[in-house]
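[1] Provided below are the primary sequence and the corresponding predicted coordinates.
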Amino acid sequence: MTTDDLLAKAMRGERAALDALCNREWRAVYGIAYAALGNVAEAQDLTQEVFLRALRSLDRYQQTGAPFSAYLATIARNRLRDGWRSRRPPSGSLDQASELHDQTDGPETSAIQRDEQRRVRAALARLPDDYQAVIRFRLLEGKSAGETAEIMGRSPGAVRQLQRRALAALRAALSEGARI
């Protein structure tokens, strides 16, 4: 049964179709959440919240030609943005700081790695949403061009082209950051 068929049945209130739809789409939404948060528990919580929001508004959902997974991905990205906007910097003392990170490589290596991760995250955040999505799906989640195409509502060729452009933009953003 196709996702559209399941969606139509779920919108009519068929519980089995709703369960099947959630089971089918859960992994993709969780992948987005985990790639952004890096924490299993937080990713699970966010994934559950995405599905709750989607299910609450299922009666108002309008099919636009984009796959349902794209709708769920949009909800996930919006929830992530809301979470990032409301986050406060961690508080704590310098005495607690040594307990937060594994120092086996030494403080210099850890500082360099954190700085690199920060640079890449900042460069990614400056990219358009489509570029961020294609990098997340293709590189971080390891999805095929076909799987990514289905999620994003594009052809596999368009996804590969978008990926090339996204990586070029990421390289440029990282180069600009190095000059600053």
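    In hand now; what should we look at?
[2] who are the neighbours in contact with Arg77?
    Arg77 makes contact with 32, 129, 133, according to Cβ atoms under 8 Å, 6 or more residues apart in numbering. All C-beta atoms are positioned from the backbone trio N, CA, C, and that covers glycine.
[3] among these, who's most crowded?
    Of all the contacts of Arg77, Ile32 has the most neighbours under the rule other Cβ atoms under 10 Å, reaching 27 neighbours.
[4] check which helix or strand that residue maps to.
    Element membership for Ile32, per DSSP states H and E: helix 15-37.
[5] same check, this time on Ala158
    Element membership of Ala158 [criterion: DSSP H and E] is helix 156-179.
[6] other SSEs contacting that helix?
    helix 107-125, helix 129-135, helix 145-152 (3 or more Cβ pairs under 8 Å, 6 or more residues apart in numbering; DSSP states H and E).
[7] on that earlier part again, same question for the next helix or strand after the helix holding Ile32, mean pLDDT?
    Using DSSP H and E, the helix or strand that directly follows helix 15-37 along the chain is helix 40-56. For helix 40-56, the per-residue pLDDT values average out at 89.
[8] and the helix or strand that comes right after helix 40-56, average pLDDT?
    Note on helix 40-56: by DSSP H and E, the next helix or strand toward the C-terminus is helix 68-86. If you average the pLDDT over helix 68-86, you get 84.
[9] likewise stretch 152-170?
    Rounded to a whole number, the mean pLDDT of stretch 152-170 is 92.
[10] what is the burial count for Ala20?
    Other residues near Ala20 come to 17 when the count uses other Cβ under 10 Å.
[11] correct me, but it touches Leu6?
    Yes: at 5.3 Å, Ala20 and Leu6 qualify as touching, with contact defined as Cβ atoms under 8 Å.
[12] and Gln63, backbone torsions?
    Main-chain torsions, Gln63, degrees, to the nearest 10: phi -70, psi 120.
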